[in-house]
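Asker: Below: sequence and its predicted model.
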Amino acid sequence: MISAVRADAFVESTAAGPRLTVRKAVMRDIPPILDLINGYAAKGVMLPRTEFELSEAIRDFTVVTTGADLLGCGALHFYSPTIGEVRSLAVDGRAKTHGVGRKLVGALVQEAQEYELDAIFAFTYVVEFFQKVGFHVVERGALPLKAWKDCLRCPKFQACDEIAVLRVLRPSRWMEQQTQSWGAEDQLIRIPTPRRV
Ligand SMILES: CC(C)(COP(=O)(O)OP(=O)(O)OC[C@H]1O[C@@H](n2cnc3c(N)ncnc32)[C@H](O)[C@@H]1OP(=O)(O)O)[C@@H](O)C(=O)NCCC(=O)NCCS
């Protein structure tokens, strides 16, 4: 089973649309989140996650549910006191294009603002979606090298074709950061190179 959402999840909806709940994830969400993410990972569009990783990072996650069904998930992962990554964003195939992805990003943006982050970024193949929810495409070098930490274990490390997108939350503070270096300890990480075609 790729997803934990029932096929009739949206059939049950009323004229006003399904009643969606957006909330922080809890431990019982781990099995359906794993099904969702690893279903997409099997198609090569996301990085796979293990139960161990999910347990460790569950506090990063926000989910959208309807009744007992999980429709989507997304995580906000902190990299520094000023920047975080939106990752593990996934919406069940049967719930796509109903605004679930937008709701998830909205909740993660709100969380980032509550933590006073200056900006959030993502690496993605779905650039148009991210542009619709307020991100813009940036050069990979615009991100702190720490952001590439997870790339070291990615099978696509030497042939990465994901696009970096950024949403600045506090423009003046972000601009101030750009004039400073990211710190000497970051300099040993090699940035993945885009795939040659
Ligand atoms: C990308 C994804 C999260 C979008 O979720 P969703 O719930 O379908 O998106 P929404 O319905 O909230 O769409 C918001 C807007 O983005 C647009 N959009 C959504 N997916 C899009 C896509 N693949 N390409 C272009 N536009 C897209 C929608 O049309 C909508 O535009 P509108 O506001 O003008 O109507 C979902 O398709 C998904 O899980 N994809 C597979 C996993 C993945 O690639 N995750 C991203 C990892 S970084």
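Answerer: Thanks, I have the structure now.
Asker: Tell me which residues of the longest helix seen in the chain come out buried.
Answerer: Determined from DSSP state H, the single longest helix within the chain is helix 100-114. Neighbour-count burial for helix 100-114 flags 100, 101, 103, 104, 105, 106, 107, 108, 109, 111, 112 (criterion: 16 or more other Cβ atoms under 10 Å). For the C-beta atoms, the positions are set from N, CA and C on the backbone; glycine is no exception.
Asker: Heading C-terminal from that helix, find the next helix or strand.
Answerer: Remark: after helix 100-114, the chain's next helix or strand is strand 119-124, criterion DSSP states H and E.
Asker: list the buried ones in the helix or strand just after that next one?
Answerer: The helix or strand immediately downstream of strand 119-124 is helix 127-132, counting by DSSP H and E. For helix 127-132, burial by neighbour count (16+ other Cβ under 10 Å) applies to 127, 129, 130.
Asker: Which other helices and strands does the longest helix of the chain contact?
Answerer: If contacts are counted by 3 or more Cβ pairs under 8 Å, 6 or more residues apart in numbering; DSSP states H and E, helix 100-114 sits against strand 21-24, strand 61-66, strand 69-78, strand 83-91, strand 119-124, helix 127-132.
Asker: List of residues touching it?
Answerer: Residues outside helix 100-114 that contact it (Cβ atoms under 8 Å, 6 or more residues apart in numbering): 20, 22, 62, 64, 71-76, 84, 86, 89, 91-92, 120, 129-130, 132-134, 167, 169.
Asker: show me which of those neighbour the ligand.
Answerer: Restricting the contacts of helix 100-114 to those touching the ligand (Cβ under 6 Å from any ligand atom) yields 89, 91, 129, 132.
Asker: distance of the residue nearest to the third one when sequence neighbours are not counted from residue 66?
Answerer: For residue 129, the nearest residue in space outside its immediate sequence neighbours is residue 101; the separation is 6.2 Å by Cβ to Cβ, 6 or more residues apart in numbering. In this structure, residue 101 and residue 66 are separated by 15 Å, where distance is defined by Cβ to Cβ, to the nearest Å.
Asker: same check, this time on residue 83
Answerer: From residue 83 to residue 66 the distance is 32 Å (Cβ to Cβ).
Asker: For the two, indicate the residue with more neighbours.
Answerer: Applying other Cβ atoms under 10 Å to residue 83 and residue 66 shows that residue 83 carries more neighbours, namely 23 against 20.
Asker: if I read this right, the more buried one contacts residue 115, doesn't it?
Answerer: No - in this structure, residue 83 is not within contact of residue 115 by Cβ atoms under 8 Å, at 10.7 Å.
Asker: quick one: contacts of the lowest-mean-pLDDT helix or strand in the chain?
Answerer: In the chain, the helix or strand scored least confidently by mean pLDDT, DSSP states H and E is helix 171-178, which has a mean of 86. Helix 171-178 is contacted by residues 82, 118, 119, 142, 168 when judged by Cβ under 8 Å, 6+ apart.
Asker: Thanks a lot, catch you later.
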